[in-house]
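Engineer: Next comes the sequence, and after it the predicted model I'd like to discuss.
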Amino acid sequence: MNSTSTGTLYLIPTTLGDSPLEKVIPPHNATIVAGLDHFIVEQVRTARRFIRKLVPDKPIDPIAFYTLNKHTPAGALDEMVAPLIEGMNMGLISEAGVPGIADPGEEIVAYAHRRGIQVVPLTGPSSLLLALMASGLNGENFAFNGYLPIKSRERIKKIRALEKKSRHERQTQIFMETPYRNDKLLNDLLSQCMDDTLLCLASNLTTGQEMIRTLPVKQWKEKTPELHKKPTIFILSAGEKQR
């Protein structure tokens, strides 16, 4: 527990899809959530559903939820963390996976550090790390690039730059896309990257529809998968021979 007068901020992972809780969430997390009455979340509806599933006996109505997403004004952070300042523990819940990675949760975590508030990350599924683990690509030197540009010309320019960097620095490049734009990104990757560049596609991780496969671009061109609306992590490695 935090030895200071402020509360502790717990970073609470959620499932990546329809995964059974017991498959990806440790029992310890349920114990922590059961003792919290204040949560910072991206969407209240999905957070309530997750808490109800994780701790069925916990009353939901008394819980205070504070919404943090791209529409939250910067000035709202002070009010949001007031329970922590007053000595109460809080939980931070992302929409999927672990908080603070490719989501707005990092703002609250950074704020907590500035105020000397203890931050405790809990164990759970990270789509980025799970994909990298299963890709067979370089896990010692890698970079996560978030979302690539939406506009086609800028996206193609970025793809070429990432492939060049991967080849010159032997650095694995990881990125993602909004699921309904996956096919456009994949088509650009296959049309712009060299045939021997390795590409890992990791879709629907931890669910019954999971697909993880690493192939040279040339082979992906021969049989291109349908990724529309399937949460997918893309991993690219140029200049690395397939094992």
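Structural biologist: Received it, and whenever you're ready, just let me know what you need.
Engineer: Counting neighbours, what do you get for residue 67?
Structural biologist: Applying other Cβ atoms under 10 Å, we find 15 other residues in the vicinity of residue 67. Yep, even glycine has a C-beta here, placed from its N, CA and C like the rest.
Engineer: hey, what's it bridged with?
Structural biologist: Residue 67 has these beta-bridge partners by DSSP bridges: residue 41.
Engineer: residue contacts, it?
Structural biologist: Residues in contact with residue 67, defined by Cβ atoms under 8 Å, 6 or more residues apart in numbering, are 40, 41, 42, 43, 44.
Engineer: Give me the distance between the top helix by length along the chain and the centre of its chain.
Structural biologist: Taking DSSP state H as the criterion, the chain has its longest helix at helix 152-169. Centroid separation between helix 152-169 and its chain, computed with Cα atoms, centre = their mean, to the nearest Å, is 22 Å.
Engineer: Which strands or helices does that helix pack on?
Structural biologist: strand 172-176, helix 182-192, strand 232-237 (3 or more Cβ pairs under 8 Å, 6 or more residues apart in numbering; DSSP states H and E).
Engineer: what mean pLDDT does it have?
Structural biologist: Mean pLDDT, helix 152-169: 97.
Engineer: Mind listing what's buried along that helix?
Structural biologist: 155, 156, 158, 159, 162, 163, 165, 166, 167 (16 or more other Cβ atoms under 10 Å).
Engineer: show me the contacts for the first one.
Structural biologist: What it means is residue 155. Residue 155 touches 148, 149, 185, 188, counting by Cβ under 8 Å, 6+ apart.
Engineer: Can I get those in CSV including neighbour count?
Structural biologist: As requested, those are exported to CSV (neighbours: other Cβ atoms under 10 Å):
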residue, neighbour count
148, 21
149, 12
185, 21
188, 17
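Engineer: Would you format the contacts of residue 67 as a markdown table with neighbour count, distance to residue 118 and pLDDT included?
Structural biologist: Shown next, in a markdown table, are the contacts of residue 67 (neighbours: other Cβ atoms under 10 Å; distance: Cβ to Cβ, whole Å; pLDDT from 0 to 100):
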| residue | neighbour count | distance to residue 118 | pLDDT |
| --- | --- | --- | --- |
| 40 | 28 | 15 | 96 |
| 41 | 25 | 20 | 95 |
| 42 | 21 | 22 | 91 |
| 43 | 15 | 26 | 92 |
| 44 | 14 | 25 | 95 |
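Engineer: Could you work out the most separated pair of those?
Structural biologist: Largest separation among the contacts of residue 67 by Cβ to Cβ: 40 and 43, giving 11.6 Å.
Engineer: Can you find the helix or strand in this protein with the smallest mean pLDDT?
Structural biologist: Least confident helix or strand, the chain: helix 77-80 with a mean of 88, by mean pLDDT, DSSP states H and E.
Engineer: Now do the buried residues in that helix.
Structural biologist: Residues of helix 77-80 classed as buried by neighbour count (16+ other Cβ under 10 Å): 77, 80.
Engineer: Give me the contacts around that helix.
Structural biologist: 40, 66, 68, 107, 108, 111.
Engineer: Derive a PyMOL selection command for the buried subset of those residues.
Structural biologist: Restricted to buried positions by 16+ other Cβ under 10 Å, the PyMOL selection for the contacts of helix 77-80 reads:
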select buried, resi 40+66+68+107+108+111
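Engineer: wait, which of the contacts of helix 77-80 is closest to residue 60?
Structural biologist: Of all the contacts of helix 77-80, residue 60 sits closest to residue 66, with 15.2 Å by Cβ to Cβ.
Engineer: who's in contact with the closest one?
Structural biologist: Neighbouring residues of residue 66 by Cβ under 8 Å, 6+ apart: 38, 39, 40, 41, 79, 80.
Engineer: No further queries at this time; thank you.
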